[in-house]
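[1] Kindly return the folded structure for what I paste below:
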Amino acid sequence: MRLRGRTTFTLAAVFAAIFTFGLVAHTQQTHYPKPTELPNPYRLVQGWPMLPKSMNAGRWGEVIRVHVASNGNIWVFHRCFNTVPPGHATCIGRGDANPPILVFDPSGKLLKSFGVGLFAYPHGFTLDRDGNIWTSDVNDEATVLGMSARNSNGVIMGQEVLKLSPEGKVLMMLGKEGVAGNGPDTFDRPTGVAVAPNGDIFVSDGHAPNQHNNARVMKFAKDGRFIKAWGHKGAGPGDFDEPHDIFIGGSQSRLYVADRRNNRIQVFDQDGKFIVAWTQFGQPSSVFVGKDDTIYVGASFPDPTAKKGELRGITIGNAKTGSLTAFIPDPSDLDQVDVGTSASGIAADDMGNIYAADVGTHGLRKYVKVK
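    Below is the predicted model of the structure:
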């Protein structure tokens, strides 16, 4: 009888604790404004950048990533001015006239271009503190549109991360080109790359679909040595469902992951410790965090009143608290867009100018803050 009473008391205490925790969790939920309730203090810069007429008659194709260098120049990773197959246009067979890496000065003048023959399906892109370029290729097919995806060495392009010099020389490869896997030395459609101030490299791995169901973050030392990985396909804290972009930034140098199919931004420290998950930024395709702890997310939101049932744009907030401060609606007509979300790649400079790379609308946008 004494044991039964003690058990009854223990169970009652457990249920009371669960109830109290649930009540506290419920009362601590924060109400975030809808995107349409947020201000838009930004203006689109028309006619930026100045793409030479010699390049695809001055017309963009699918643009996947953008990054601002420390000297203010803007680096662009795009799919060789191509638009087919829609949503994953290929660089295969595009030739010397369609380089996938372009560099512009702040005025929009093209400075240089390179990268021909290195990529089949460009995706992830960033710069490190030394000005080196880190790229990923998510191609997993031997042939695309009837064309071989093999490079000049006979190897199928894709499934790797490349480190390039500012002149385009290959300095390092992570993963095994043309080989899919879920081990410490292989990827299955790596989507993004982030480089920490100390040189550690983080790769978001697992563009959907992929044959190994990869959905993880991998960490490497600056010399390419594997350190650790975390995450599986799932919706729990620290798991992912198509981690589409990754970035290290802000005053706390935290790791931000655009966990796209889970409709959230996940935040970690650089050891992989889960900190928080935010759903208020929408379904994210890209994420960038400035030195001033401003977070920029290229996202979409379900909206039955909008075209195609969703609202697309750039959500802006605080990278420490998750609060929302602004929303820039996508200026494109969704009836003219087959695939892709607003700002598949995003970056901002030290003055707060925003750069958005568009897969679906085939372009590169620049926004300035209205004073």
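[2] Please make it C-alpha for all contacts and neighbour counts, starting now.
    Noted.
[3] measure stretch 75-82 end to end?
    Using CA to CA, to the nearest Å, the span of stretch 75-82 from its first residue to its last is 18 Å.
[4] can you check stretch 99-115 too?
    With CA to CA, one end of stretch 99-115 sits 6 Å from the other.
[5] what's the model's confidence in that stretch, averaged?
    Taken as a whole, stretch 99-115 carries a mean pLDDT of 97.
[6] do you know how far Gly199 is from Gly313?
    With CA to CA as the criterion, Gly199 and Gly313 are 32 Å apart.
[7] Comparing these two, which shows the higher neighbour count?
    Gly313 (22 against 16; other CA atoms under 10 Å).
[8] So the more buried one is in contact with Ala326, correct?
    No - counting by CA atoms under 8 Å, Gly313 does not reach Ala326; the two are 10.4 Å apart.
[9] And the strands in the stretch 251-371 of the chain?
    Taking DSSP state E, counting those that start in this stretch as the criterion, the stretch 251-371 of the chain carries its strands at 254-259, 264-268, 274-278, 283-289, 294-302, 310-318, 324-329, 345-348, 354-358, 363-369.
[10] who's in contact with Thr126?
    Val66, His67, Ile133, Trp134, Thr135, Val193, Ala194, Val195 (CA atoms under 8 Å, 6 or more residues apart in numbering).
[11] Of the residues you listed, which is the nearest to Gly345?
    Distance to Gly345 across those (CA to CA) is lowest for Val66, with 5.8 Å.
[12] Does Leu44 have any beta-bridge partners, and if so which?
    As for beta bridges, Leu44 partners with Tyr367 under DSSP bridges.
[13] so which of the strands of the stretch 251-371 of the chain gets nearest Val144?
    strand 354-358 (21.8 Å).
[14] List the strands paired with the closest one, with their directions.
    Assessed with DSSP bridges, strand 354-358 is paired to strand 345-348 (antiparallel), strand 363-369 (antiparallel).
[15] What residues sit buried inside the longest one?
    If I follow you right, that is strand 363-369. Gly363, Leu364, Arg365, Lys366, Tyr367, Val368 (16 or more other CA atoms under 10 Å).
[16] tell me the angle that strand makes with strand 324-329.
    Interaxial angle, strand 363-369 versus strand 324-329 (axes from the mean of the first three to the mean of the last three CA atoms, to 10 degrees): 140 degrees.
[17] show me where the stretch 1-150 of the chain has helices.
    For the stretch 1-150 of the chain, the helices defined by DSSP state H, counting those that start in this stretch cover 2-27.
[18] show me where pLDDT drops low in it?
    Counting by pLDDT under 70, the ranges of the stretch 1-150 of the chain that qualify are 1-29.
[19] start to end distance for stretch 293-312?
    End-to-end span of stretch 293-312 (CA to CA): 23 Å.
[20] and Pro304, what does it touch?
    Pro304 is in contact with Glu310, counting by CA under 8 Å, 6+ apart.
[21] and it, how far is that from Leu311?
    Using CA to CA, one gets 9 Å for the distance from Pro304 to Leu311.
[22] Geometric centre of the protein: which residue is closest?
    Asp245 (2.2 Å; CA atoms, centre = their mean).
[23] How about that one: which residues does it bridge to?
    For Asp245, the beta-bridge assignment (DSSP bridges) gives partners Ala258.
[24] now it: how far from Gly290?
    Using CA to CA, Asp245 is found at 15 Å from Gly290.
[25] Equivalent analysis for Phe226, please.
    As judged by CA to CA, Phe226 and Gly290 stand 27 Å apart.
[26] okay, the two: which has more neighbours?
    Using other CA under 10 Å as the criterion, Phe226 and Gly290 rank with Gly290 on top: 19 against 16.
[27] surely that one meets Phe247?
    No - if you go by CA under 8 Å, Gly290 and Phe247 don't touch, sitting 10.1 Å apart.
[28] Of the contacts of Thr126, grab the buried ones for PyMOL.
    Restricted to buried positions by 16+ other CA under 10 Å, the PyMOL selection for the contacts of Thr126 reads:
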select buried, resi 66+67+133+134+135+193+194+195
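[29] what's in contact with stretch 132-143?
    With contacts defined as CA under 8 Å, 6+ apart, stretch 132-143 is touched by 119-128, 148-150, 156-166, 178, 180, 188-193, 207.
[30] Is it possible to get JSON lines of the contacts of Thr126 that adds distance to Thr36?
    Shown next, in JSON lines, are the contacts of Thr126 (distance: CA to CA, whole Å):
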{"residue": "Val66", "distance to Thr36": "26"}
{"residue": "His67", "distance to Thr36": "27"}
{"residue": "Ile133", "distance to Thr36": "36"}
{"residue": "Trp134", "distance to Thr36": "35"}
{"residue": "Thr135", "distance to Thr36": "34"}
{"residue": "Val193", "distance to Thr36": "31"}
{"residue": "Ala194", "distance to Thr36": "31"}
{"residue": "Val195", "distance to Thr36": "34"}
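[31] So which of the contacts of Thr126 is the closest to Val337?
    Val66 (20.2 Å).
[32] Return the item of the buried residues of strand 363-369 having minimum pLDDT.
    Lowest pLDDT within the buried residues of strand 363-369 is found at Gly363 (93).
[33] State the distance from that residue to Phe268.
    Using CA to CA, Gly363 is found at 31 Å from Phe268.
[34] Show me the contacts of stretch 132-143 that map onto strands.
    Among those, the ones falling in strands (DSSP state E) are 122-127, 148, 160-164, 190-193.
[35] tell me which of these is nearest to Asn213?
    Pro190 (11.9 Å).
[36] In space, what's closest to the closest one - neighbours in sequence excluded?
    Closest residue to Pro190 apart from its sequence neighbours, by CA to CA, 6 or more residues apart in numbering: Asp205 at 4.1 Å.
[37] correct me, but that neighbour touches Pro184?
    No - Asp205 is beyond contact range of Pro184, at 11.3 Å (criterion: CA under 8 Å).
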